[in-house]
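Trainee: Sequence and predicted model, in that order:
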Amino acid sequence: MSEPNPNSLRLNLSDLVMVAVAGQIAHPIGAANPYRIGNDGVPRVLPATGGIVINRRIGDRCVGLAGDHIEPGVALHNNQREVVGDRSGPNRALITYACVGNRARVISGPCTGHWGLVTGKHGGIDHVLVDFPTEILRRLAIGDRVQIYSFGLGMSLLDYPDITVFNCSPDLLRRWGIKERESYIEVPVTHRFPARIMGSGLGKNTVWRGEYDIQLFDPELRRRYRLDSLRFGDLVAITDADTRFGPSYRRGRITIGIIVHGDSTVSGHGPGVTPLLTGANSRIRPVRNPRANLAALFDIRRPTTQTRSRTLIERQQTAFSAVLRKPVASTVKRKYLTE
């Protein structure tokens with residue numbers, strides 16, 4: 001990875017504490033019923049959360065995949081139980097402490113010693129997502145342990161105390177290309193869209209442990225805001241969104257986040273956004289830049305070109321309509337009529 005391009009943002013780095021946290025690569029979990037009922041009423045059986053996604057990484061498109069809430073790279077979950085606290089305590093600490101841009105090191109199995117990068121958090125299933133090179137993803141095994149060097153919890157912008165920072169490492173802030181102006185910061189993003197299209201994840205009282213989803217079911221809004229070109233790792237702006245105390249709609253505020261998982265056919269769901277910054281419109285100004293993707297900022301790989309993709313529902317509806325429009329062969333007609 002290349003060295004970061006430093007900016008002039010003053011951070012409270014001398015106050016921060018680095019803590020090692022760990023989890024193991026999580027196996028996908030199957031429900032009693034394998035079907036997911038889509039927004040179109042169609043049941044589908046698709047790959048979903050967990051496991052090792054080998055052929056989808058940050059920088060790749062996340063819309064129109066034959067999957068549901070696909071988590072690129074590796075999904076981590078801590079299944080250990082400590083002598084104090086309840087059973088899920090260690091995993092809740094893992095998902096709280098980990099910050100986007102933190103380094104992660106494999107500490108068991110054949111890939112011991114190899115390094116990856118934290119790319120996001122997925123609430124509900126409570127996974128921390130980590131990117132590794134493809135050759136490492138192919139060698140990793142379910143259950144291998146990965147240790148994250150958490151650094152960023154408690155971080156603040158000293159000159160902008162009214163801007164709240166979540167889930168974000170100092171390394172990401174340094175590389176992001178944020179520019180200070182007279183009374184605000186300019187933040188590079190790939191997309192900007194309104195909070196009114198946000199769905200699953202609303203109602204939580206914190207954004208420290210996950211994300212909330214962009215609904216893609218309205219074709220006009222999807223095209224207007226270019227949401228069909230979203231990629232894993234894209235940094236995006238949600239207008240009229242206040243995430244200080246959980247995700248909520250509030251005019252005059254804005255939230256900047258990162259795309260962490262893929263889209264979904266299920267109502268209210270879609271690509272997930274883990275919030276990183278939130279503040280007043282007068283203090284945060286998003287600036288469009290197609291390179292505002294985690295893969296490019298950390299010089300991991302070149303993101304795919306932003307091209308528009310149809311959703312899975314659209315693809316299947318188009319294919320079905322084509323079959324219905326196709327004329328039936330005359331021999332088939334005669335056979336049917338004579339039976």
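Mentor: Great, that's in hand.

Trainee: quick one, strands of the stretch 151-300 of the chain?
Mentor: 164-165, 179-180, 185-189, 191-194, 212-213, 235-242, 248-261, 272-280, 284-288 (DSSP state E, counting those that start in this stretch).

Trainee: Could you dump these into JSON lines with mean neighbour count added?
Mentor: (Glycine included, C-beta is placed from N, CA and C.) As requested, the strands of the stretch 151-300 of the chain are exported to JSON lines (neighbours: other Cβ atoms under 10 Å):
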{"stretch": "strand 164-165", "mean neighbour count": "22"}
{"stretch": "strand 179-180", "mean neighbour count": "15"}
{"stretch": "strand 185-189", "mean neighbour count": "20"}
{"stretch": "strand 191-194", "mean neighbour count": "18"}
{"stretch": "strand 212-213", "mean neighbour count": "26"}
{"stretch": "strand 235-242", "mean neighbour count": "23"}
{"stretch": "strand 248-261", "mean neighbour count": "23"}
{"stretch": "strand 272-280", "mean neighbour count": "26"}
{"stretch": "strand 284-288", "mean neighbour count": "17"}
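
Trainee: how about the ones you listed in a markdown table, adding mean pLDDT and distance to residue 205?
Mentor: What follows is the strands of the stretch 151-300 of the chain, written out as a markdown table (pLDDT from 0 to 100; distance: least, Cβ to Cβ, whole Å):
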| stretch | mean pLDDT | distance to residue 205 |
| --- | --- | --- |
| strand 164-165 | 98 | 14 |
| strand 179-180 | 96 | 31 |
| strand 185-189 | 98 | 25 |
| strand 191-194 | 98 | 22 |
| strand 212-213 | 97 | 12 |
| strand 235-242 | 98 | 13 |
| strand 248-261 | 97 | 10 |
| strand 272-280 | 98 | 13 |
| strand 284-288 | 98 | 22 |
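
Trainee: of those, which approaches residue 77 most closely?
Mentor: strand 248-261 (14.5 Å; Cβ to Cβ).

Trainee: Partner strands of that closest one, with direction?
Mentor: Neighbouring strands of strand 248-261 in its sheet, by DSSP bridges, are strand 235-242 (antiparallel), strand 272-280 (antiparallel).

Trainee: and the angle for the first one with strand 284-288?
Mentor: Right, the one you point to is strand 235-242. Using axes from the mean of the first three to the mean of the last three Cα atoms, to 10 degrees, the direction of strand 235-242 lies 150 degrees away from that of strand 284-288.

Trainee: what does strand 235-242 rub up against?
Mentor: 176, 187-196, 198, 230, 247-259, 273, 276, 278, 281, 286, 292-294 (Cβ atoms under 8 Å, 6 or more residues apart in numbering).

Trainee: how about the strands of the stretch 151-300 of the chain in a markdown table, adding distance to residue 83?
Mentor: Below are the strands of the stretch 151-300 of the chain laid out as a markdown table (distance: least, Cβ to Cβ, whole Å):
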| stretch | distance to residue 83 |
| --- | --- |
| strand 164-165 | 33 |
| strand 179-180 | 47 |
| strand 185-189 | 43 |
| strand 191-194 | 46 |
| strand 212-213 | 34 |
| strand 235-242 | 39 |
| strand 248-261 | 32 |
| strand 272-280 | 31 |
| strand 284-288 | 43 |
